[in-house]
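1. Give the three-dimensional model of this entry:
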Amino acid sequence: MKIENSNEQGLTTITYKLQGLSCACEGQIVEKKLRKLKGVKSFSLNPITYKMKISYDPTLVTTEAIQKAIAKGGAKAVPV
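-> Sure thing, here's the model as predicted:
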(Lines give C-alpha, C1' and ligand atoms only; values in the text may rest on other atoms or scores of the structure.)
Protein backbone atom coordinates (compact mmCIF):
# COMPACT_ATOMS: atom_id res chain seq x y z
CA MET A 1 0.00 0.00 0.00
CA LYS A 2 1.46 3.32 -1.04
CA ILE A 3 0.73 6.09 1.42
CA GLU A 4 2.01 9.53 0.58
CA ASN A 5 2.50 11.96 3.43
CA SER A 6 1.39 15.49 2.74
CA ASN A 7 2.74 18.52 4.56
CA GLU A 8 -0.61 20.31 4.45
CA GLN A 9 -1.91 20.19 8.04
CA GLY A 10 -0.63 16.64 8.61
CA LEU A 11 -2.82 15.09 5.93
CA THR A 12 -2.03 11.74 4.34
CA THR A 13 -2.86 10.80 0.76
CA ILE A 14 -3.60 7.28 -0.48
CA THR A 15 -4.61 5.98 -3.91
CA TYR A 16 -7.00 3.07 -4.49
CA LYS A 17 -8.20 1.28 -7.60
CA LEU A 18 -11.91 0.63 -7.14
CA GLN A 19 -13.10 -2.75 -8.33
CA GLY A 20 -16.68 -3.79 -8.83
CA LEU A 21 -17.98 -0.55 -10.30
CA SER A 22 -19.77 -0.80 -13.62
CA CYS A 23 -20.50 2.89 -14.20
CA ALA A 24 -19.61 6.35 -12.95
CA CYS A 25 -22.93 6.66 -11.12
CA GLU A 26 -21.86 3.84 -8.80
CA GLY A 27 -18.75 5.88 -8.06
CA GLN A 28 -21.03 8.64 -6.81
CA ILE A 29 -22.44 6.22 -4.23
CA VAL A 30 -18.90 5.57 -2.98
CA GLU A 31 -18.29 9.32 -2.84
CA LYS A 32 -21.39 9.82 -0.67
CA LYS A 33 -20.11 7.21 1.79
CA LEU A 34 -16.70 8.89 1.98
CA ARG A 35 -18.24 12.33 2.58
CA LYS A 36 -19.78 10.94 5.79
CA LEU A 37 -16.38 10.04 7.25
CA LYS A 38 -14.93 12.60 9.62
CA GLY A 39 -11.31 13.15 8.71
CA VAL A 40 -11.56 12.66 4.94
CA LYS A 41 -10.57 16.08 3.60
CA SER A 42 -10.69 15.53 -0.16
CA PHE A 43 -10.90 12.85 -2.79
CA SER A 44 -11.07 12.51 -6.53
CA LEU A 45 -12.30 9.63 -8.66
CA ASN A 46 -11.23 9.09 -12.25
CA PRO A 47 -14.41 7.70 -13.91
CA ILE A 48 -12.40 5.97 -16.65
CA THR A 49 -9.70 4.18 -14.64
CA TYR A 50 -11.67 4.06 -11.35
CA LYS A 51 -8.62 5.26 -9.42
CA MET A 52 -9.49 7.26 -6.34
CA LYS A 53 -7.04 9.53 -4.55
CA ILE A 54 -8.01 10.35 -0.96
CA SER A 55 -6.49 12.92 1.41
CA TYR A 56 -7.34 12.33 5.06
CA ASP A 57 -6.30 13.13 8.60
CA PRO A 58 -4.87 9.89 10.09
CA THR A 59 -5.67 11.10 13.61
CA LEU A 60 -9.40 11.15 12.79
CA VAL A 61 -9.91 8.23 10.39
CA THR A 62 -8.08 4.99 9.57
CA THR A 63 -7.46 3.34 6.22
CA GLU A 64 -9.62 0.44 7.43
CA ALA A 65 -12.56 2.82 7.97
CA ILE A 66 -12.02 4.28 4.50
CA GLN A 67 -11.98 0.81 2.94
CA LYS A 68 -15.16 -0.15 4.83
CA ALA A 69 -16.93 2.99 3.57
CA ILE A 70 -15.89 2.15 0.01
CA ALA A 71 -17.18 -1.41 0.48
CA LYS A 72 -20.51 -0.06 1.76
CA GLY A 73 -20.68 1.93 -1.47
CA GLY A 74 -20.45 -1.30 -3.47
CA ALA A 75 -16.78 -1.38 -4.48
CA LYS A 76 -13.59 -3.05 -3.35
CA ALA A 77 -10.64 -0.76 -2.57
CA VAL A 78 -7.33 -2.11 -3.87
CA PRO A 79 -4.31 -0.01 -2.83
CA VAL A 80 -2.21 1.18 -5.76
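2. Mind listing residues that contact the longest helix anywhere in the chain?
-> Secondary structure of the chain read by DSSP state H shows that its longest helix is helix 24-35. Helix 24-35 is contacted by residues 18, 21, 40, 43, 45, 47, 50, 52, 54, 66, 69-70, 72-75 when judged by Cβ atoms under 8 Å, 6 or more residues apart in numbering. Heads up, the C-betas are built off the backbone N, CA and C, glycines and all.
3. hmm, 10 Å instead?
-> With contact meaning Cβ atoms under 10 Å, 6 or more residues apart in numbering, helix 24-35 is reached by 16, 18, 20-21, 40, 42-48, 50, 52, 54, 56, 61, 66, 68-75, 77.
4. what about this structure, any weak spots by pLDDT?
-> Low-confidence segments of the chain, defined by pLDDT under 70: 1-8.
5. ok, and what's touching stretch 65-77?
-> By Cβ under 10 Å, 6+ apart, the list of residues contacting stretch 65-77 from outside reads 14-22, 26-40, 43, 45, 50, 52, 54, 56, 61-63, 78-79.
6. Narrow these to just the buried residues.
-> Buried by 16 or more other Cβ atoms under 10 Å: 14-16, 18, 21, 26-27, 30-31, 33-34, 37, 39-40, 43, 45, 50, 52, 54, 56, 61, 63, 78, out of the contacts of stretch 65-77.
7. How far away from the center of its chain is the strand or helix carrying Lys53?
-> Using DSSP states H and E, Lys53 sits within strand 51-56. Distance, stretch centre to chain centre, for strand 51-56: 4 Å (Cα atoms, centre = their mean, to the nearest Å).
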